[in-house]
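Q: Give me a model of this one.
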Amino acid sequence: MKGVQYVVDENGRKTAVVIDLKRHAALWEDFCDVAVARSRAGEPRESLAAVKASLRRRGKLRADG
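A: From the prediction side, this is the model:
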């Protein structure tokens, strides 16, 4: 793939990658999104209703929103 280069160790194993961001900015953004999502997989979650209620209590969201 043009614009993607692999860094290999002394045994020829791929250890890193260099990406041409001018050519593959969208690919990099997708990679980062997946990495962030995976890193947060074990975090506690809140329902949309709970988030909206919290925002309403703090005056950040109208009652009809």
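
Q: Do you know the pLDDT at Asp64?
A: At Asp64, the model reports a pLDDT of 80.

Q: just the helices in the protein please.
A: All helices of the chain, identified by DSSP state H, fall at 21-39, 48-57.

Q: Take those helices and write them to CSV, including mean pLDDT, distance to Lys2 and mean neighbour count.
A: The C-beta positions use only the backbone N, C-alpha and C, and glycine is treated the same way. What follows is these, written out as CSV (pLDDT from 0 to 100; distance: least, Cβ to Cβ, whole Å; neighbours: other Cβ atoms under 10 Å):
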stretch, mean pLDDT, distance to Lys2, mean neighbour count
helix 21-39, 95, 7, 11
helix 48-57, 95, 42, 11
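
Q: May I see the ones you listed arranged in a markdown table, with distance to Asp9 as well?
A: Converted to a markdown table, these look like this (distance: least, Cβ to Cβ, whole Å):
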| stretch | distance to Asp9 |
| --- | --- |
| helix 21-39 | 21 |
| helix 48-57 | 45 |
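
Q: Go through these and name the closest to Val4.
A: Shortest distance between Val4 and those, using Cβ to Cβ, is found for helix 21-39: 6.9 Å.

Q: Could I have the CA atoms of the closest one written out in PDB?
A: What follows is helix 21-39, C-alpha atoms only, in PDB (Å, rounded to 0.1, in the frame of the first residue of the first chain):
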ATOM      1  CA  LEU A  21      -0.900  11.300   6.800                       C
ATOM      2  CA  LYS A  22      -1.400  13.500   3.800                       C
ATOM      3  CA  ARG A  23      -2.400  10.400   1.900                       C
ATOM      4  CA  HIS A  24      -4.100   8.400   4.600                       C
ATOM      5  CA  ALA A  25      -5.500  10.900   7.100                       C
ATOM      6  CA  ALA A  26      -8.900   9.100   7.200                       C
ATOM      7  CA  LEU A  27      -7.300   5.800   7.800                       C
ATOM      8  CA  TRP A  28      -5.400   7.200  10.700                       C
ATOM      9  CA  GLU A  29      -8.500   8.800  12.200                       C
ATOM     10  CA  ASP A  30     -10.300   5.400  11.900                       C
ATOM     11  CA  PHE A  31      -7.400   3.700  13.600                       C
ATOM     12  CA  CYS A  32      -7.400   6.200  16.500                       C
ATOM     13  CA  ASP A  33     -11.100   5.900  16.900                       C
ATOM     14  CA  VAL A  34     -10.900   2.100  17.300                       C
ATOM     15  CA  ALA A  35      -7.900   2.400  19.700                       C
ATOM     16  CA  VAL A  36      -9.800   4.800  21.900                       C
ATOM     17  CA  ALA A  37     -12.900   2.700  21.900                       C
ATOM     18  CA  ARG A  38     -11.000  -0.500  22.800                       C
ATOM     19  CA  SER A  39      -9.100   1.400  25.600                       C
END
